[in-house]
Each structure stands twice: as C-alpha cells, then as structure tokens.
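*Asks:* Sequence plus the predicted model coming up.
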Amino acid sequence: MATITAPTRRIPQMADVGEPNWLRRLPLWLQVGGVLVVLLAISAYLRTRFISGQFWMDEAITTGVSSHSLSAIPGLLRHDGNPPLFYLLLHGWMSVFGSSESGTHSLSLLFGLLTVPVGMWAGWSLFGRRAGVMAAVLFAFNAWLTYYAQETRMYELMALLGIVATAAFVHAFVYGRRPYLILFAAVLAAMLYTHSWGVFFFVGALIALIPAWVVSEDRRAFVRDAALAFVGAGVLYLPWVPNLIYQASHTAAPWSRPPRFGTPVLISRQVLGGDRVTLVLFSACVVGLWGLFTRARRRTREATVLWTLITLPVATLAVAWISSQANPAYVPRYFAPVVAAILLVAAFGSARAGILGMIAIALSAVFLINPGAAAPSTKSDMRDLSGELSPRLHGGDLVVVGQPEQTPLAWYYLRSGLQYANTIGPVHDPSYVNWVDALSRLRRADPRATLDPLVASLRPGQQLLYVRPSTEGVKNWQAPWTELVRRRSAQWGAILQADVNGGILKVVGLAPNYYRGAPDIADSAVLYKKNG
Amino acid sequence: MQCLRAHHLPVVEVGTDNLQVGQLPTGPTVRFVPTSGVAQAAQIEGQAQGAEVVGSALVYPNQASDSELKVIEDCVAQGVSNPKVTP
C-alpha cells in the first residue's frame, strides 16, 4: 500500500544566468575595474547635478565653522552640537578647493563616490562576487547617497564609515576574523567623531552582537573580543565625551519633534529612493533569503550574518527613536550609519535570488537613473536674496535675521563688512550658531527691548535688512523652537513696521522679486533705511 | 473658533475672514486668506510684516503673551490643516 507524504514547503529554485563567456575570459582585475569605472561614471553624473546649488542653513553653518582655524573648531562645535571630524577635514579641503558651494560639495561627493568601491568590497568579502557587484550597483545609484553627496554636511562621510564598520563588524564577530576588530574599533571611533548618531550606532552594534554570540563556539573569547573593540573605540572617543555631555545638556535640537512610527516609510522613500525600489528589492530578498529562516539553516553562518545585518540597523534606529522621545534628533539625513546594512542585506538577498535578484537590481537602478529623482532642487533662496539686495547694501549696514540659525547663511551669501543680529540679540561672529540654551534665550529676548537699541544704533542713511523665514508649511513649524521663531519673526516685523509708520525707517527694497521655491526653508527680506 | 473657545479665549468673528481675540490693539488678530501661497506672497511683498504665516492664515500677535499666542497658533494650525467643518 502506497503512503502519501506531504510535500515540503519551500520556495522553488530560481532560474539563473551567469556572466557571458567573453566577460569570463577577461582577467578579474579588468572585470572589476571595468564595472567600477562604469558605475563611478554614472554615479558621478547623478551626484553632480546640483553640485553648485545654493546652500541651506546647515551647510552654511558647516562651512562657517570650518573656516576657523583648526584649533578653534572643536571649541566652536561645543556650542553647535556636533563632533569635529568632518569640520576638520573640510577645513583642509577648503584650503585647496575654496569655500564655494561646488568646492565644499565636492568633499561630500568624494565620500559618496568612495561608497561604490567600498560597498563592492563589503559585499564581495562577505557574500561573494555577485553580491559585491550588486552592492556596488546599489551604492552607485542609491538615492540617499546621491542627495547628500551634494550637501556640505558630514552625512556622506558617516555613510562611508558605516560601510566599513558594518563589514568589519560582521567579519570580526560573525566570521571570527580577529584582524577586523582593530578596523572596526578605529572606524567606530571615527563615526563617533563624525556625527552624534555614532553613539546610537555604537549601542546598536552592541545589541547586534547578540545573534553572533548565540551561535559562537567560544563565547568567552567572543566577549573578550567585543570588549576590546568597543572599549577601544570608547577610549579613542574619551577626549570628546565632556563636550558630548555638555552638548547633550545644552544644545539639543529644539527644532525637532519626537518621532512617531513612520520609520519604514522614511527608509523606503528617503533611504532607498521610493516604494518601487523598496518593492523590487524586498521581493528579491524574500526569495533569496527565505531559506535562511528555516529550521535547518537557522543557525548557519549565513543566517547569523543576516540576523546581524538586520539587528544592526533596527537596533540603531530603535535606540535613536527612543532617545528622540526625550531629546528629538530623528530625521532621515541622520540615518547615515544604517544605510550600509540596509543595502548590504539587499545585495545579499538579490545575489541569492537568481535571475529575480538581477532583475531587482536592474530595476532599482532604472528607477533611480533620473538625475532629478534624488538630486536636491533649490534648498534655500538666500543666494537669490543676496543677488538682489547685496549690491544695495553698504559696509556697516545691519542684517537682522528672524531665524537665528539662518544667520550664517545670510553671512555666507551677503557682502562682507555688515553687522549682524538675530532675534536673540546682536551676533558678533555670524559664521556659526550658538545653540547653547538657545530656546530659553530666545524666550527671554523681549522683541522691543532687543530691537529698539539696534535701530537706535543706526545712523541716518544706514540700512537694516530684515530677513525672515517663510513659515507657510504648518507641520514644519510646530516644534518649540520653530514655533517661537515664527512668532518672534512676526513680532520683530511688527515693530519694524511701526518704526516705518512712525517715520523712523522707510522701506527701500524687497526680495525675492522672483521666488522659485525652496523645499527646506525659504526666506524673504525687507530693506529699510533710517530716516534723517 | 471651537478650539479657541474651548481654551476660554474671547474670540469674535470680524467679517467673513477675520477673527479677533480680545481687544485691539493688544489682542491678536487672525486673517484667513484663500491659500497658503497668498499668505506667503503677502509676507514676501512686505504687506504682512507683523504677521505669522500659518498655512493659509495670517496671525498678528500684537501684544499678546507667548502662552496665549501658543494656543492661538496651535488652534489656527489645526484649522488650516484640517479644513473640515463640523456641524
């Protein structure tokens, strides 16, 4: 009598295609070099569409801080809230390439392009050649990297370091390759010195040790290695810790609100570049990685790598999310440390998904090939304002900025020799922002008591340029800081209008006369002249 | 209006598109315009220097306190974000 057994449930083997024979006959260095050259060329094209685009305020602050001497930069950053590595690198970069938009963007571009070969190395060394090539494609086209390759901020450097740290972490703790411990510790320290989210990555990496520890054959040695790496990074970071503590207690981001539950959407749209990209890569990952979740393979090395690469970004984001409930600092541009793990999982899954994985990688590249898809459009309109009004300003004229953190942006674009103030009070060095207790200082700054002496200090014929933010987007102006900035801007505007009505000032100019929009924060300006 | 009254603010309608909270010249005024673009244009053209642009509303703080303005701004933001009228 025949017995009937239930069929084993599994995803059928995917069809696959190999590389063509003519390609296989080429030496490996030529294959790799050719792929990299092509990908770097495409990536360079995508990541330079906005290379000379105008700054928004964060970029002007970064450039302003970096324009000081190397010895002064750490002290300035104590008031700003960031660690110093990128600023120090930018200082050196600016001494060669200048402080123009394209000059400073090109440093981020360099880091963005380096993610392509480094991503290839990470994918190849962890999962093999196919995954390496797929990782290189993903890093070359990635929307998040394309956006921030054209921004004078530390995010691209952070993402690059994140690739090295993630790969070294897996090599060291999952594959037990001890030389990578040193690399991991050094790069982790560099991340801590690059952006404050390095701390969240540090904690996330500690949590991501768990999957590797569970399957470790020598747990005592594993713990010893982990202690060496993390303590080593911590010791390297120790000199900056007093500044971190001071910044955390005095310079939190009052412009931000606690995050809710939109992280998956943010990752899909901001990090991966859209839901279409997410869908195809997720499909490939399901097909390619499903087998690693089965009981038979759950404790294999490959499954451990997968769990580690999932835990690392999830834990990092979870720690950042929890921390941001009390001290909000949760925006997609800060996701730099987790970009690597997300793209490496996508490459891993796609490489195991046969022809479906190849189609997924190809489609994701096609979806992102439009240079306008991820390139930032006009980030602010301060350069336009300056173009219209700078020729009408004279040395000694006073620039008053309604949003204090936009003062460096005005300083960057307006002509030199001007005096500066913002709604907190006079600003003696407009090249950076003093965030120390900024919210309470803005609350205490009575508009009339602060503005009247400034107007009184002007001689007849001197001018006052009042620059204030456009606040029509309701949701962007609901944090305690931004709400107060919006209010103070109006109160200062009302006082200036009263001075016009009272004959103290007269309006002599307005800008922008042509407003082309700005997705970050736009400004408008009124130029007043003091009557005789 | 409901939100402002729920916070016990003395608000009255002035015409079809203005609200007055308390008495002028100290009490804040809210002026509604057709779109946020109109409000933004008023600011860019220097015609609303004393106003906060909150969506499609212009909020004139006048001499009100920060705590009172916070309530008004939040109510207005709620109104311009969710324009459904409850019966």
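*Replies:* That came through fine. Numbering: from 1, shown residues only, chains lettered A, B, ... in the order given.

*Asks:* could you list every residue that touches whatever residue of chain B ends up closest to chain A?
*Replies:* Chain A sits closest to B:Gly50 of chain B, with a gap of 3.1 Å, by CB to the nearest CB. (C-beta placed from N, C-alpha, C; glycine too.) When contacts are counted by CB atoms under 8 Å, 6 or more residues apart in numbering or on different chains, B:Gly50 touches A:Ala490, A:Gln491, A:Gly493, A:Ala494, A:Gln497, B:Tyr60, B:Pro61, B:Asn62.

*Asks:* So which of these wins on neighbours?
*Replies:* A:Ala490 (29 neighbours; other CB atoms under 10 Å in any protein chain shown).

*Asks:* Please give me every residue in contact with the residue lying closest to that one once chain neighbours are set aside.
*Replies:* Spatial nearest neighbour of A:Ala490, excluding adjacent residues (CB to CB, 6 or more residues apart in numbering or on different chains): B:Glu52 at 4.2 Å. The contact partners of B:Glu52, taken as CB under 8 Å, 6+ apart, are A:Thr471, A:Arg486, A:Arg487, A:Ser489, A:Ala490, B:Leu58, B:Val59, B:Tyr60, B:Pro61, B:Glu73.

*Asks:* switch to 10 Å and redo it
*Replies:* A:468, A:471, A:477, A:483, A:485-491, A:493, B:28, B:30, B:39, B:43, B:58-61, B:69, B:72-73, B:76 (CB atoms under 10 Å, 6 or more residues apart in numbering or on different chains).

*Asks:* thinking again about what came up before, which residue, other than its chain neighbours, is closest to the residue of chain B closest to chain A?
*Replies:* A:Ala494 (3.1 Å).

*Asks:* just for chain A, where's the confidence low?
*Replies:* The model of chain A has pLDDT under 70 over residues A:1-14, A:252-253, A:519-520.

*Asks:* which residue ranges form the strands in chain B?
*Replies:* B:11-14, B:18-21, B:29-32, B:52-54, B:57-60 (DSSP state E).

*Asks:* Distance to A:Arg130 added to the ones you listed, as a markdown table?
*Replies:* Putting the strands of chain B into a markdown table (distance: least, CB to CB, whole Å) gives the following:
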| stretch | distance to A:Arg130 |
| --- | --- |
| strand B:11-14 | 67 |
| strand B:18-21 | 65 |
| strand B:29-32 | 60 |
| strand B:52-54 | 53 |
| strand B:57-60 | 57 |
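
*Asks:* Tell me which of these is the most buried.
*Replies:* With neighbours taken as mean count of other CB atoms under 10 Å in any protein chain shown, those reach their highest mean count in strand B:52-54, at a mean of 30.

*Asks:* Partner strands of it and their direction?
*Replies:* Partner strands and pairing direction for strand B:52-54 (DSSP bridges) are strand B:57-60 (antiparallel).

*Asks:* Among the strands of chain B, which comes closest to A:Val199?
*Replies:* strand B:52-54 (35.6 Å; CB to CB).

*Asks:* Phi, psi for A:Trp240 please.
*Replies:* Phi and psi for A:Trp240, reported as degrees, to the nearest 10, are phi -90, psi -10.

*Asks:* Could you measure from A:Ala445 over to A:Ala494?
*Replies:* As judged by CB to CB, to the nearest Å, A:Ala445 and A:Ala494 stand 15 Å apart.

*Asks:* re the thing from before, give me phi/psi at the residue of chain B closest to chain A?
*Replies:* phi -90, psi 20.

*Asks:* Kindly report the same for A:Gly425.
*Replies:* Residue torsions, per degrees, to the nearest 10, at A:Gly425 are phi 150, psi -170.

*Asks:* do A:Leu26 as well
*Replies:* Torsion angles, degrees, to the nearest 10, at A:Leu26: phi -70, psi 150.

*Asks:* Could you tell me which residues make contact with it?
*Replies:* A:Glu19, A:Val32, A:Gly33, A:Gly34.

*Asks:* Please identify the buried residues of stretch B:65-72?
*Replies:* Burial within stretch B:65-72, assessed by neighbour count using 16 or more other CB atoms under 10 Å in any protein chain shown, is assigned to B:Glu68, B:Leu69, B:Val71, B:Ile72.

*Asks:* repeat for stretch A:497-505
*Replies:* Applying 16+ other CB under 10 Å to stretch A:497-505 flags A:Gln497, A:Asp499, A:Val500, A:Ile504, A:Leu505 as buried.

*Asks:* Please apply the same query to stretch A:27-35.
*Replies:* In stretch A:27-35, the ones that count as buried by 16+ other CB under 10 Å are A:Gln31, A:Val32, A:Val35.

*Asks:* now stretch A:259-270
*Replies:* Those would be A:Pro259, A:Thr263, A:Leu266, A:Ile267, A:Ser268, A:Arg269, A:Gln270, for stretch A:259-270 by 16+ other CB under 10 Å.

*Asks:* same deal with stretch A:45-54?
*Replies:* So, applying 16+ other CB under 10 Å, buried residues of stretch A:45-54: A:Leu46, A:Arg47, A:Thr48, A:Arg49, A:Phe50, A:Ile51, A:Gly53, A:Gln54.

*Asks:* A:Ser43 and A:Met120 touch, don't they?
*Replies:* No - the criterion here is CB atoms under 10 Å, and A:Ser43 misses it with A:Met120 at 11.9 Å.

*Asks:* what touches both of these two?
*Replies:* In contact with both A:Ser43 and A:Met120: A:Leu36, A:Ala136, A:Val137, A:Phe139, A:Ala140, using CB under 10 Å, 6+ apart.

*Asks:* residues near the fourth one, how many?
*Replies:* It stands for A:Phe139. 30.

*Asks:* quick one: it is in a helix?
*Replies:* Yes - judged by DSSP: H, G, I helix; E, B strand; the rest coil, A:Phe139 forms part of a helix.

*Asks:* tell me the phi and psi of A:Leu465?
*Replies:* Dihedral angles (degrees, to the nearest 10) for A:Leu465: phi -100, psi 120.
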